[in-house]
Each structure stands twice: as C-alpha cells, then as structure tokens.
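>>> Requesting a structural model of the entry that follows:
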Amino acid sequence: MDRKKKRWLLGCGCGVLGLCVLGGLAFLGWAVSERRKPGPVVEVMTFYPGMSASSIEKTITNRIERWVNQAEGAEKVTSSSLAGVSIVRITFRNDIDPNAALTQVNELVLGVLPTLPPDTVPPIVLPRDPSSAYPVGLLGISSSTADDRELQDLAKMPVCVRLLNVVPGAIPVVLGGKERSLLTLNFDPKKLAAHKVSPKDVRTVVETLCDKVRIYNDKNGLLMQASGRAFPIINLVKALPVHTADGAAVRLGELGIVQEQSVAPTVRHRIDGQPVVGVPVYLQQGAKRKDISEKIADDLPSLQDALPPEVKARWVPLGVDHKWLREHDNGLLTIYLRAPSYLSLAETEKRVSAVEEFLQKTIPANEREAIVAEVGLTPDWLAILSANAGPMDATIYVQLSAARTQSAAAYASKLRGLLNADMDFADLRFRFASQDMPEPVNIRVTRRTSGEAKEARKLAEDVNKQLGTGIKGIVDCEVVQRMDAPTLTICADLHKAAALGLSCREVIAQAAAALKLPAPPDQELFTDLRSGDQSVTLPLQLRPGVDVGALADAKVVGGKAELPVKLSALATVQRGTTAIEIDHEDLLPVLNVRANIEGRDRGDVIADIRKMLMELQAPQDMRVELVD
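The predicted structure is shown next:
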C-alpha cells in the first residue's frame, strides 16, 4: 500500500474517531443538562389568621410535611411557617410529569385534612411558577375624598374584573384598604331582659349570616363580634327578627347598637410616597411580562373612564427591559427592609415613608420612573410571592428610567453605603437585589434533632459574624429567621376557673378582650403540666400600646360567681419573645445566613467561605453547609 493511500486511511480513521469523541461529548453534555434540569415544584399553602408561627409549625406545617413527603419522585421538601401562614414546597425529580406531581400532592393533602386544627382554611395546592418572582407591575387606586373601603370595593369591581377580561394571562389581586368583614353588636342587657331575649337567641340569628361569632361581656353591655362572610346591607341586618313577643317581632336593631366595621389591613401599598389601594398583577404560566404590561398600559384610559372622577388609577410596570448598558440590567432595584420586630403595620409604614423621601432625594427624578413599596404581609396565597414575613417588613421596588446614568447594581452599592451610614435608619436593616448583581450567598445551619434550638441559633449568629467581618466582599449579611417578636402569654389557672364554673377558654377570651387583643384561636391553647399548678396558656403577639395593667382592673362575669371577680385572680400575663419565621429542609429545622457580594469575584468569595466553614467547629448534631 503506497504512502498516499495510508495517509488517506489514517485521515479517515482520525476523522471518524473525532466524530465519535464529539458525539460522545455532546451526548454527555445532554445527559448532564437533562440531569440538572429542574423538576416540577408544587406548593401547599394553608392559612389560619391569628395563629402564631410556632403554633403554625406544630399543628399545620409538620403534619402536611409528613404526608406530602410520601409523594413518589419527591426529591426535596421545604417549608416556611409564618404568623397565620404555612407554606410547604415539594420539588420533584425532572422525570416526574408536572400534572402527576400536582395530582399526587392534592391527594396526599386530602388525607391530612382531618388532622388539621378546627376552622383551618382548606389548603391551596398550586404549581410553582418561577416567572412570578415579582409582579409584572402595580396598579394603584387612590383618591383624596373616597376612603379605603370604597377604594377596595372599586379595585375589586370594576378594576380586577376588567383586567381579567381585557388582559388574558394577568392575575390581578387587591391588597391593602379595609375589608367589610366584621359585624359588631353591642347590646343593652336591660333591653334584652325587657324583650325576653337571651344572648343565645341573638347568637342563633347572627350565625345565619356569619361563620364565626364571639361574645364578650363589655363594660357597656354584651359585645358580640362576628366575621367570616360578606355581609348584606347593614339596615337589613338591623331588621332581622330575633324573637316574637305578643305577636310583634323583636329585631336586632331594637336591642342595641349594630355596626359594620372593617378588619384592619395587614398589607399596604405606596407609589412615590403616596398610599394607594394596590392591585399587583402577576403572570399566569405561559404569559409574557412585556405583553401583559403593554396591554394594561393601553387599556388604562378606558379603565380610568370606568371609575368615578375623583378616583385615579396609575399603572407602574416593574422590570421593564430598557436594553441599557448591560444585557442583564432591567433597571429594577429591589430593597428589602426589616424594621424592629415589635413595630405595627402603621409604624413600619412611617419608617418606609422616611426611606422613600431619602430615595427621592438621592436618585434624580429623571433617573427613576417610580418607587413602589409593599408593607406587611397578607395571610393568603400571595404570601408565597412576598419576601415580607409580617408587619415589620417592607419590599421597595425602585424602577429606574432609561435615562439613568448608573446601573441598578451601581445604585445598590451607592444606596447601601448611604443608608447604612445614616443614623436616622440605624434601627432598620436593608438588603438589595437586582438582575445585574451577583447571586447571593446562602449558608444553611441544620439541626438533626428537635432540641438544641438555642445552640443552633448561636451557631448561626457566629457564622453570620464571621461571614460579615472575615470575608472580603460580603455585604447585606443577616440571619434570615428572626426569634425576637415580643409576645404576651396569658396563663389561666385551671382549678380557680373551674371553681367558678368557667372554662379556661372563657377566662383567656375575657383577658384578651380586657387587653384589647384579638380573640384567640381555639387550637392555640395548650396545658402546661410541667409546674405544680396546672394552667392553660396562650401566646399572643404583643402590639405597641397594650396596657398589661388593664388586667388588674378587669372583671370576670358568668359561671357560678354571684359577683364579678377580678380577672387578675384567675389569669396572669408573662412577657416573652417568639419566632417570626420557622423554616424546614426535608422536615428538619434550619437557619439560613444570607449575604450579597460586592466588589469582588464571586468564585474567590465562595472559595474563602468554603475555607471558613472547613475551620468551623460545629456540634455533632448540627450541619453547616454552603448552598451553592
């Protein structure tokens, strides 16, 4: 065989070998990418407004986790327990069909329903949509004359209905304002006796309208509060017949004062420093942000015509891609604000207002389109889309304009330094996020046993301190889960209450009413058998302005007592703290240390963190790991 032919055969062989290698590499890359491809995620949301995070964890989250963990193909189960809200997230392998995953979780949740506390709102099971990390935008409804209740009614009808009909793919929801969902009836005992009407008769009639009815002995008479359904016109409520005497009907309005009240809002929205009733708009799966935003903007004039002249509607799109400077900079800067845990929604809103003024002074007007703030958390399915954990938190969206001279990440760096150096904001904590910032750092501390909670907390605080002071380039460092929400624990003595013919529930309910606290949920009560004096206790979130001394002057009525008895003889109040948020990873409690990276390569920062963790001496029953 001549040399020419040999060279030709050798070339062919090398070519075939090269094709085989390339094909093998391509197949390997495909296999790796398929393996890394995320699987379907299903979320279970359960609500019990008024229940503390620790009680949510014990009575709801733990039970749902144990059931859904049995789903075939479930790779990971994570959860968050907040005040009034339980969120359980199940991540499946990528070979599991999304519909099959959703069906499985639905069936397992049906199995856990009988074990949940009475009056728990039935769980909602939905597929997780990564595109809804933040809303497409906010439609703000405001007026200088109409009150919040009227604005909320307008936001529901016609605003939301119109958006649903005109903009397919949009999910508008109404947040903020005041809902007409509380009926207060203050009855005069003399009028009840004169008409031969008992409190039971009144309660029976009211229960035809409402789901939950609670009765308190108020200093001015019998106080009844009812909630749970949308009420008819208040005049119709007053006209309801309670009892017939001498052929004439006795109506509710004749027995005392009947008023329609609003439940205090748990979330507030603001646009450019002005309060609004907010209608955040989210995406349905498959819809596009840009299309939804443009359709709402086009329909805004006709929507405005459908509202009263004194009511104004403003649409603020978020995350609009201006294609400015960097491909990944969409001009949206997000600021997560944490106020002291004891602040109410109104007080947090005042602090947010001060931050808004600072932002308006610092960012030139021509470089920003809007500043949108969401303060607080609403205990419903939207809790899965909010970074807020309660009334002490706020999320501020700063939508920069196309005329800006700095990127979102550059503005984050500038504002971080200015806000942290300003003593007016010394009690606030800030964390920044934008599309052009490096991925944040997350270090997880896992407890392998149910005990040692204090030790795990101390370990997380130590990691947080080492991360913030020892690793160059780390900013916005914090432990995610907070344990410092102030509480009052009402303790009712079992024996003393029973001697008067009263249940501990009645004693605690009257104590809560004396302290002007919300009525306690039934399943929050638990018996303390560790002490010689058995008692039933109830932890309640402490709000500013609560007068604990009012318990000493309050009287207990009812039962066998011929004369009113001092409430302080039957119940005591203890101050303490409780968790704001409790997180689990595969059914084990975890704490997360979170931080951002600024001015340094992420790979170098991660390398330093890994070295720090290798030198860390954690207890045997705890695991500390970098979640990369």
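
>>> all strands for the stretch 1-150 of the chain, in order.
41-47, 74-82, 85-92, 121-127, 137-143 (DSSP state E, counting those that start in this stretch).

>>> Figure out which of those is closest to residue 106.
strand 121-127 (5.1 Å; Cβ to Cβ). The way it works is simple: take the backbone N, C-alpha and C, and place the C-beta from them, glycine included.

>>> now the strands for the stretch 151-300 of the chain?
Secondary structure of the stretch 151-300 of the chain (DSSP E, counting those that start in this stretch): strands at 170-172, 179-187, 212-218, 221-227, 241-245, 248-251, 256-263, 267-271, 274-283.

>>> what's the angle between the last one and strand 267-271?
Compare the direction of strand 274-283 with that of strand 267-271 by axes from the mean of the first three to the mean of the last three Cα atoms, to 10 degrees and you get 100 degrees.

>>> what helices or strands is strand 274-283 leaning on?
Packed against strand 274-283 by the contact rule (3 or more Cβ pairs under 8 Å, 6 or more residues apart in numbering; DSSP states H and E) you find strand 137-143, helix 148-154, strand 170-172, strand 267-271, helix 289-305.

>>> Could you list the single helix or strand in this protein with the lowest mean pLDDT?
Taking mean pLDDT, DSSP states H and E as the measure, the chain has strand 526-528 as its least confident helix or strand, at a mean of 47.

>>> For the closest residue to residue 313 other than its chain neighbours, give its distance to residue 149.
Closest residue in space to residue 313, ignoring its immediate chain neighbours: residue 304 at 5.3 Å, by Cβ to Cβ, 6 or more residues apart in numbering. According to Cβ to Cβ, to the nearest Å, residue 304 stands 21 Å off from residue 149.

>>> so how many other residues sit close to residue 577?
15 (other Cβ atoms under 10 Å).

>>> typo on my end, it should be residue 593
By other Cβ under 10 Å, 26 other residues sit near residue 593.

>>> do residue 248 as well
Other residues within reach of residue 248, judged by other Cβ under 10 Å, total 10.

>>> Also the one 5 residues further on?
With neighbours defined by other Cβ under 10 Å, the count for residue 253 comes to 16.

>>> One more: the one 4 residues further on?
Neighbouring residues of residue 257 were enumerated by other Cβ under 10 Å; the total is 14.

>>> Identify the residues contacting it.
Counting by Cβ atoms under 8 Å, 6 or more residues apart in numbering, residue 257 touches 184-187.

>>> Tabulate these in TSV, adding columns for pLDDT.
Converted to TSV, the contacts of residue 257 look like this (pLDDT from 0 to 100):
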residue	pLDDT
184	72
185	73
186	77
187	74
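
>>> that's a helix at residue 356, yeah?
Yes. Residue 356: assigned to a helix according to DSSP: H, G, I helix; E, B strand; the rest coil.

>>> And the residue nearest the centre of this structure?
In the chain, the centroid-proximal residue (Cα atoms, centre = their mean) is residue 383; its distance is 3.8 Å.

>>> Please report how far that residue lies from residue 504.
Using Cβ to Cβ, we find residue 383 at a distance of 31 Å from residue 504.

>>> same question, residue 68
Residue 68 is 34 Å from residue 504, by Cβ to Cβ.

>>> Can you tell me which of the helices and strands packed on strand 274-283 is nearest to residue 86?
When the helices and strands packed on strand 274-283 are compared by Cβ to Cβ, strand 267-271 sits nearest residue 86, at 18.1 Å.

>>> Number of residues surrounding residue 94?
14.

>>> doesn't residue 73 make contact with it?
No. At 9.3 Å, residue 94 does not count as touching residue 73 under the criterion of Cβ atoms under 8 Å.

>>> Find the residues that touch each one of these two.
When Cβ under 8 Å, 6+ apart defines a contact, the residues bordering residue 94 and residue 73 alike are residue 39.

>>> Where does pLDDT dip in the stretch 351-500 of the chain?
For the stretch 351-500 of the chain, applying pLDDT under 70 flags the ranges 450-451.

>>> Make sure the residue nearest to the centre of the chain is indeed in a strand.
No. Assignment of residue 383 by three-state DSSP gives helix, placing it outside any strand.

>>> dump the residue contacts of it.
Counting by Cβ under 8 Å, 6+ apart, residue 383 touches 45, 82, 85, 87, 377.

>>> Excluding chain neighbours, what is closest to the last one?
Right, residue 377. Nearest residue to residue 377, sequence neighbours excluded (Cβ to Cβ, 6+ apart): residue 388, at 4.5 Å.

>>> Measure how buried that neighbour is and give me the count.
By other Cβ under 10 Å, the residues close to residue 388 number 22.

>>> Repeat that for residue 469.
With other Cβ under 10 Å as criterion, residue 469 counts 9.

>>> ok, residue 335 to residue 600 distance?
22 Å.

>>> Send me stretch 589-600 as CSV with only the CA atoms.
Written as CSV, here are the backbone C-alpha positions of stretch 589-600 (Å, rounded to 0.1, in the frame of the first residue of the first chain):
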residue,chain,number,x,y,z
PRO,A,589,-35.4,22.8,61.2
VAL,A,590,-32.9,25.1,59.5
LEU,A,591,-31.4,28.6,59.9
ASN,A,592,-30.1,30.5,56.9
VAL,A,593,-27.3,33.0,56.8
ARG,A,594,-27.7,35.2,53.7
ALA,A,595,-25.4,37.8,52.2
ASN,A,596,-24.7,39.7,48.9
ILE,A,597,-21.3,40.1,47.2
GLU,A,598,-19.9,43.4,46.1
GLY,A,599,-16.6,44.5,44.5
ARG,A,600,-15.1,41.0,44.3
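
>>> For that stretch, which outside residues touch it?
Identification of contacts with stretch 589-600 by Cβ under 8 Å, 6+ apart yields 413, 416, 431-433, 437-447, 450, 453, 456-457, 459-460, 463-464, 467-468, 472-481, 582-584, 605.

>>> hmm, which of these are the buried ones?
By neighbour count, with 16 or more other Cβ atoms under 10 Å, the contacts of stretch 589-600 hold 413, 416, 431-433, 437, 441, 443-447, 456-457, 459-460, 463-464, 467, 473-481, 582-584, 605 as buried.

>>> circling back: which one of the contacts of residue 383 is nearest residue 204?
residue 85 (32.8 Å).

>>> which residue packs closest to that closest one, ignoring adjacent ones?
residue 383 (4.6 Å).
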